[in-house]
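Show me how the following folds:
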Amino acid sequence: GGVATFDTGAATDGQGPQQQLAGVDFFPAAGKTLWFECRVNPLVFITGDYFFGLAELDTTVINASDMSTSNHIGFSCVTGDGILLCDGNKATVRVVTTAATTLVAATYVRLGFIVNGVTSITFYVNGVANATTIATASIPVVGLTPTFVIHATGTDQALMDVDYVYAAQLR
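Reported below is the predicted structural model:
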């Protein structure tokens, strides 16, 4: 029913909002499918540290321009260049793969993934499957909640629209 605009509030490195939907947990499990999708739009600049996906509740999902949460699945960028990577982390086993997409200012992009039990994660950009699949060792099996992080990287004030987010545990 609308668009949420996230504003870092400044160009100061590491500043900006982290939003998590506490109390809504999804648990990757054998024989179950977990689906996540969101649509985002960097309004002016693509610079920033970003995470869009599911993560455990954590007060610092991104800290000092790096993912600091122990369990997450989603799209991350901690280099300030707008290149989103497919990212999965189970405890201390993290897989950050090649680029999924590069953000374009004032252009919406749909980001999604499907967690197939505890076997694999397939990532999608604008509805097209990415060649990247993350396997069992990096699929967290703890409660994960919808999570959005937008931080400035010290150059521009990052602004990001989030049009929608869907998450569902199937079967």
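
Sketch out the low-pLDDT regions of the protein for me.
1 (pLDDT under 70).

show me where it has strands.
In the chain, the segments counted as strands under DSSP state E are 4-7, 18-20, 33-42, 49-55, 62-63, 66-67, 72-77, 83-90, 93-102, 109-116, 120-125, 128-135, 145-151, 159-170.

Rebuild those as JSON lines, extending it with distance to Phe27 and mean neighbour count.
From N, CA and C alone the C-beta is placed, and that goes for glycine too. Supplementary listing: the strands of the chain in JSON lines, determined by distance: least, Cβ to Cβ, whole Å; neighbours: other Cβ atoms under 10 Å:
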{"stretch": "strand 4-7", "distance to Phe27": "25", "mean neighbour count": "16"}
{"stretch": "strand 18-20", "distance to Phe27": "16", "mean neighbour count": "18"}
{"stretch": "strand 33-42", "distance to Phe27": "8", "mean neighbour count": "20"}
{"stretch": "strand 49-55", "distance to Phe27": "10", "mean neighbour count": "26"}
{"stretch": "strand 62-63", "distance to Phe27": "23", "mean neighbour count": "20"}
{"stretch": "strand 66-67", "distance to Phe27": "20", "mean neighbour count": "17"}
{"stretch": "strand 72-77", "distance to Phe27": "12", "mean neighbour count": "26"}
{"stretch": "strand 83-90", "distance to Phe27": "13", "mean neighbour count": "24"}
{"stretch": "strand 93-102", "distance to Phe27": "18", "mean neighbour count": "16"}
{"stretch": "strand 109-116", "distance to Phe27": "10", "mean neighbour count": "21"}
{"stretch": "strand 120-125", "distance to Phe27": "14", "mean neighbour count": "20"}
{"stretch": "strand 128-135", "distance to Phe27": "17", "mean neighbour count": "15"}
{"stretch": "strand 145-151", "distance to Phe27": "11", "mean neighbour count": "24"}
{"stretch": "strand 159-170", "distance to Phe27": "7", "mean neighbour count": "15"}
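
Can you add distance to Phe26 and give those strands back as CSV?
Below are these laid out as CSV (distance: least, Cβ to Cβ, whole Å):
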stretch, distance to Phe26
strand 4-7, 20
strand 18-20, 12
strand 33-42, 5
strand 49-55, 6
strand 62-63, 20
strand 66-67, 18
strand 72-77, 9
strand 83-90, 14
strand 93-102, 19
strand 109-116, 8
strand 120-125, 13
strand 128-135, 16
strand 145-151, 7
strand 159-170, 5
